[in-house]
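K.L.:
Provide a 3D model corresponding to the input given below.
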Amino acid sequence: MGPAEIEALFTRGDGQYLFARWGRPVVPVVFGVDDASLAVFKGAFEAVVALAGHRMAETDPELGANLMVFCFRDWAELLEVKDLGRLVPELPALVARLEAAGANQYRIFRFDAAGTIKAAFVFLRMDAALAAMEAETLALAQAVQVILLWSDRAFDGTSPLARAGERVILRPEIGAVIRAGYDPVMPGVARDPSHALRLAARVG
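P.N.:
Numbers count the residues shown, from 1 in each chain. Here you go, the predicted structure:
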């Protein structure tokens, strides 16, 4: 991918360039799935974190789990999750907005004082479209979309995944951007578009 393509991946709808990666080990937990799907999700997170050269852990000292995935049938179910409103401010207003939009997924990130990712919340309303997806595909797509703070438009009209025969895989160019973003010499947070040039040099 060239610098302009990479810059677009981290340029938000308001024109602001913003890149951030995880600043601590990732500790995922998944709610609302059976044991088989839970194993698939955890496997996907492990694979993408390993690709990045980052780390996972058994527990986060501040939050316990810092990557929470909720799978459910109706947005209103989120209002019944104990203490979720404490973790996600203005949860009722958010639920109302997502219901009105007919959304089937939403991600929220939390950041530490340095600006790196310290927590992420993934909400998946299992409508017909998501329910029809293979668990491996759904899990891999979510893992990719939380490993970095991508633009809110990064994957509009396209997917970070591709089909290779019978398997669904991460698009190699997206995998290369993830690896470059976690290069130890690269900053954990960047707001200047020149950062995309540095990523492109490492991808190349």
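K.L.:
could you point out which element follows the helix or strand of the chain with the lowest mean pLDDT?
P.N.:
Lowest on mean pLDDT, DSSP states H and E among the helices and strands of the chain sits helix 84-87, with a mean of 88. Sequence order places helix 91-101 as the next helix or strand after helix 84-87, per DSSP states H and E.
K.L.:
residues in contact with that following helix?
P.N.:
Applying CB atoms under 8 Å, 6 or more residues apart in numbering, the set of residues contacting helix 91-101 from outside is 75-76, 78-79, 84-85, 88, 106, 123, 125. Heads up, the C-betas are built off the backbone N, CA and C, glycines and all.
K.L.:
please identify which of those is nearest to Gly115.
P.N.:
Of all the contacts of helix 91-101, Gly115 sits closest to Val88, with 19.7 Å by CB to CB.
K.L.:
and that closest one, how far from Arg167?
P.N.:
34 Å (CB to CB, to the nearest Å).
K.L.:
which one's more surrounded, the two?
P.N.:
Using other CB atoms under 10 Å as the criterion, Val88 and Arg167 rank with Val88 on top: 17 against 9.
K.L.:
and the more buried one, what is it in contact with?
P.N.:
94, 108, 121.
K.L.:
what is the neighbour count of the first one?
P.N.:
This means Leu94. Leu94 has 18 neighbours, counted by other CB under 10 Å.
K.L.:
can you read off the pLDDT for it?
P.N.:
As predicted, Leu94 sits at a pLDDT of 95.
K.L.:
having no further points to raise, I will conclude here.
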